[in-house]
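Chemist: below are the sequence and a predicted model for it; my questions follow.
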Amino acid sequence: MNVLIERHKQTLLLLLLFSILLLPSGLCPLVESTEARYAEIGREMVASGNYLEPHLNGIKHFHKPPLAYWLIAAGISLFGANDFGARFFGVLAAAIAVLYLYRLALVVLEDNKKAWYAALIFASSPLFLAVSRIVSTDIYLTCFTIQAQYHLARCVYGKKRGQDVFFYALFLGLGFLTKGPIIFLFTLLPYFVAKIFDQGHRSVFSRKEVAAGLAVFVGITLPWYLAVVIKNPGLLYYFLKVQTIDRVATDRFRRHQPIWYFFYIFFATFAPYILFLGRGLFCFRLLPQRVRVLTVYVIVPFLVFSLAESKLPTYIVPLYGIAAIISAEVFATLAMSRLRAVILALLGLLTIAPLAAGFGYPLLKDLWFLMVGATLITGGLFWWTYQVRGQENFLLRTAIVLVFIGTVGYIAFGSIAHQRRGFERLVAKINLLDPDRQKQVLVYQDLLPSVSFYRGALAIMSLGKERETQFEKGNTHEIYNLDYKDKLEQFLLQEKSLFVIANPERIKEFTAQYPLTCEEVFRQENRAAYLCEGK
């Protein structure tokens with residue numbers, strides 16, 4: 001009976017979180033460049049039927065393996081080429097990640113109450129809430145990481161079932177097919193490090209199990225890699241050198257940050273639970289042996305990412321599952337009243353954040369009524385939480401406050417994105433003026449994949465970011481990517497009427513160089529659409 005009740009709770013958690021994350025996911029446009037890039041690759045897969053080789057605006061794009069693209073394409077196939085469709089399976093992956101985090105915590109902590117604490121902490125941590133709605137690889141990698149860690153934990157702590165080795169290899173393979181060998185930083189690397197000082201991590205798998213797991217892993221990952229490497233000579237070197245070694249050892253992708261970068265990212269985006277985690281590390285010897293071992297799964301990958309040259313905040317979100325388990329143990333056994341007081345102070349500051357943003361940020365002036373209403377609700381939720389500051393329900397109510405504020409923040413961000421880094425409304429205006437898609441759309445001195453996504457057809461990118469074309473055969477890709485001025489000039493001489501998207505400060509330069517007269521049809525803060533006619 002108790003098992004059945006727990007299953008119902010898990011299902012309820014999954015559905016509730018899925019609904020909360022999913023409902024506003026269509027309110028925010030695809031943000032350039034990450035979201036737009038992944039969504040457009042998925043759309044082009046659906047449009048072309050080529051699911052083997054990812055293409056971005058008509059050019060092969062091998063920066064990542066294809067699983068995330070396939071899932072995005074599946075959402076687009078089900079719901080159409082829109083924001084909701086592109087985000088659907090990412091939100092589903094987020095909900096599944098929370099469910100598996102609960103199960104992982106239950107294996108490690110052997111306490112249902114602490115496992116629920118861990119799930120609440122993970123589900124309401126700010127970076128997880130943000131990444132769950134971002135169209136990219138990170139939420140899928142996080143999901144597969146936690147699923148793999150769950151099946152590994154069952155093997156390490158003596159609860160192994162016959163299928164655990166299979167599923168461990170399966171999720172490692174799916175993670176590898178999502179973002180390459182980075183999955184090993186959260187799974188295999190800390191596992192081998194833990195072997196040094198933890199008896200439970202030794203002699204976990206027999207040789208037969210290792211061989212079987214390796215066969216499963218290779219069976220999942222090898223077919224795609226083998227197919228594209230055979231079809232694209234030089235791609236193996238590109239994967240190993242450019243997309244693996246260079247990302248770690250060089251600033252080729254212009255993402256260099258100082259070595260301490262992830263320290264303040266972690267502190268800010270795991271708040272307020274970082275206080276529990278910090279207390280646990282400070283009182284390390286008071287933690288149970290299993291929890292002390294878990295810190296390896298946070299510290300080892302954290303140090304590797306800190307030493308690497310390429311850094312983005314979302315890289316570390318797969319760490320947050322284990323961090324949540326440690327924090328749950330601390331909350332249940334070591335949390336002090338002073339620690340809760342600090343968390344209440346932080347929540348108090350967050351309570352007035354919607355009001356401050358609504359009146360202090362010009363791009364939110366149209367949402368001031370929403371921000372005022374959100375502040376009133378968060379104020380009520382804060383008082384509701386304050387009343388149980390010394391009780392077990394404190395964590396649940398803290399999580400509710402954070403999820404609510406995170407949802408309001410996402411809606412506000414969507415409003416800002418519509419005016420700055422999202423071009424859904426701009427392209428909608430073009431589609432309204434040209435519903436039959438008769439006119440070409442030219443993006444001048446930029447690469448904006450979302451224009452192609454919302455247009456439902458490839459826009460022409462000109463004089464923007466240099467693209468990698470070494471795997472292209474012939475010059476058909478040049479039709480939609482004009483990377484030289486003479487090619488752009490030849491194209492414009494052939495077009496009598498077209499739409500041009502450009503920074504408003506550059507349109508005078510454009511019309512001075514090329515024989516066109518342009519009339520503005522839509523403007524947002526940093527881009528405008530023009531209907532241009534040949535002279």
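Modeler: Ah, there it is.

Chemist: neighbours of Glu519, how many?
Modeler: Neighbour count for Glu519, taken as other Cβ atoms under 10 Å: 8. C-beta coordinates here come from the backbone N, C-alpha and C atoms, glycine included.

Chemist: next structured bit after the helix or strand where Ala47 lies?
Modeler: Per DSSP states H and E, Ala47 falls inside helix 34-48. Downstream of helix 34-48, the first helix or strand assigned by DSSP H and E is strand 55-56.

Chemist: skip ahead from that next one and say which helix or strand is next.
Modeler: strand 59-60.

Chemist: give me the contacts around that next one.
Modeler: If you take Cβ atoms under 8 Å, 6 or more residues apart in numbering as the criterion, strand 59-60 is touched by Glu53, Pro54, Asn232, Arg467, Glu468, Thr469, Phe471, Glu472, His477, Asn481.

Chemist: the last one and Leu92: what is the separation?
Modeler: Here the distance between Asn481 and Leu92 works out to 34 Å (Cβ to Cβ, to the nearest Å).

Chemist: which of the contacts of strand 59-60 scores worst on pLDDT?
Modeler: Least confident entry in those, by pLDDT: His477, with 81.

Chemist: that one: neighbouring residues, count only.
Modeler: With other Cβ under 10 Å as criterion, His477 counts 17.

Chemist: you'd agree it is up against Gln470?
Modeler: No: using Cβ atoms under 8 Å, His477 is not in contact with Gln470, being 11.3 Å away.

Chemist: can you give me the helices in the stretch 51-200 of the chain?
Modeler: Secondary structure of the stretch 51-200 of the chain (DSSP state H, counting those that start in this stretch): helices located at 67-79, 83-109, 112-124, 126-131, 138-156, 164-179, 183-186, 188-194.

Chemist: which of those helices sits most buried?
Modeler: Among the helices of the stretch 51-200 of the chain, ranked by average contacts under mean count of other Cβ atoms under 10 Å, first place goes to helix 138-156 (a mean of 26).

Chemist: how about it as CSV, C-alpha atoms only?
Modeler: Extracted C-alpha coordinates of helix 138-156, given in CSV (Å, rounded to 0.1, in the frame of the first residue of the first chain):
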residue,chain,number,x,y,z
ASP,A,138,21.6,21.2,-21.2
ILE,A,139,18.3,20.1,-19.8
TYR,A,140,18.5,16.8,-21.8
LEU,A,141,22.1,16.2,-20.5
THR,A,142,20.9,16.9,-17.0
CYS,A,143,18.1,14.4,-17.3
PHE,A,144,20.3,11.6,-18.7
THR,A,145,23.0,12.4,-16.1
ILE,A,146,20.6,11.9,-13.1
GLN,A,147,19.1,8.8,-14.7
ALA,A,148,22.6,7.3,-15.1
GLN,A,149,23.5,8.3,-11.5
TYR,A,150,20.4,6.6,-10.2
HIS,A,151,21.2,3.3,-11.7
LEU,A,152,24.9,3.6,-10.7
ALA,A,153,23.8,4.3,-7.1
ARG,A,154,21.7,1.2,-7.0
CYS,A,155,24.8,-0.8,-8.1
VAL,A,156,27.1,0.9,-5.6
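
Chemist: and that helix with helix 34-48, angle?
Modeler: For helix 138-156 against helix 34-48, the angle by axes from the mean of the first three to the mean of the last three Cα atoms, to 10 degrees is 90 degrees.

Chemist: can you give me the helices for the stretch 301-450 of the chain?
Modeler: Under DSSP H, counting those that start in this stretch, the stretch 301-450 of the chain gives helices at 320-333, 337-351, 353-360, 368-386, 393-419, 424-433, 449-455.

Chemist: could you dump the ones you listed into TSV and include mean pLDDT and distance to Val291?
Modeler: Formatted as TSV, the helices of the stretch 301-450 of the chain follow (pLDDT from 0 to 100; distance: least, Cβ to Cβ, whole Å):
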stretch	mean pLDDT	distance to Val291
helix 320-333	96	5
helix 337-351	90	17
helix 353-360	83	33
helix 368-386	90	26
helix 393-419	92	17
helix 424-433	97	45
helix 449-455	97	44
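
Chemist: those: which one's closest to Leu531?
Modeler: helix 424-433 (7.0 Å; Cβ to Cβ).

Chemist: just the CA trace of the closest one, in CSV.
Modeler: Provided in CSV are the C-alpha atoms of helix 424-433 (Å, rounded to 0.1, in the frame of the first residue of the first chain):
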residue,chain,number,x,y,z
GLU,A,424,8.9,36.4,-33.5
ARG,A,425,6.7,39.6,-33.8
LEU,A,426,9.0,41.1,-36.4
VAL,A,427,8.8,38.0,-38.6
ALA,A,428,5.1,37.8,-37.9
LYS,A,429,4.7,41.2,-39.5
ILE,A,430,6.6,40.1,-42.5
ASN,A,431,4.5,37.0,-42.8
LEU,A,432,1.3,39.1,-42.6
LEU,A,433,2.5,41.3,-45.4
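
Chemist: list the buried residues of it.
Modeler: Neighbour-count burial for helix 424-433, counted by 16 or more other Cβ atoms under 10 Å, picks out Glu424, Leu426, Val427, Ile430, Asn431.

Chemist: and what of stretch 14-34?
Modeler: Result for stretch 14-34 [16+ other Cβ under 10 Å]: buried residues 14, 17-18, 20-22, 25-34.

Chemist: nearest to Gly80 among the residues you listed?
Modeler: The nearest one, if we look at these relative to Gly80 and count by Cβ to Cβ, is Gly26, at 10.6 Å.

Chemist: show the contacting residues for that closest one.
Modeler: Counted by Cβ under 8 Å, 6+ apart, Gly26 has contacts Asn82, Asp83, Phe84, Arg87.

Chemist: please report how far the closest residue to the first one other than its chain neighbours lies from Glu424.
Modeler: In space, Asn82 comes closest to Gly26 once its chain neighbours are excluded; the distance is 6.7 Å by Cβ to Cβ, 6 or more residues apart in numbering. Gly26 sits 10 Å away from Glu424, taking Cβ to Cβ as the criterion.

Chemist: shared neighbours of the two, which are they?
Modeler: Asp83.

Chemist: now tabulate the helices of the stretch 51-200 of the chain in CSV and tack on distance to Tyr386.
Modeler: Formatted as CSV, the helices of the stretch 51-200 of the chain follow (distance: least, Cβ to Cβ, whole Å):
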stretch, distance to Tyr386
helix 67-79, 40
helix 83-109, 26
helix 112-124, 17
helix 126-131, 20
helix 138-156, 32
helix 164-179, 41
helix 183-186, 36
helix 188-194, 38
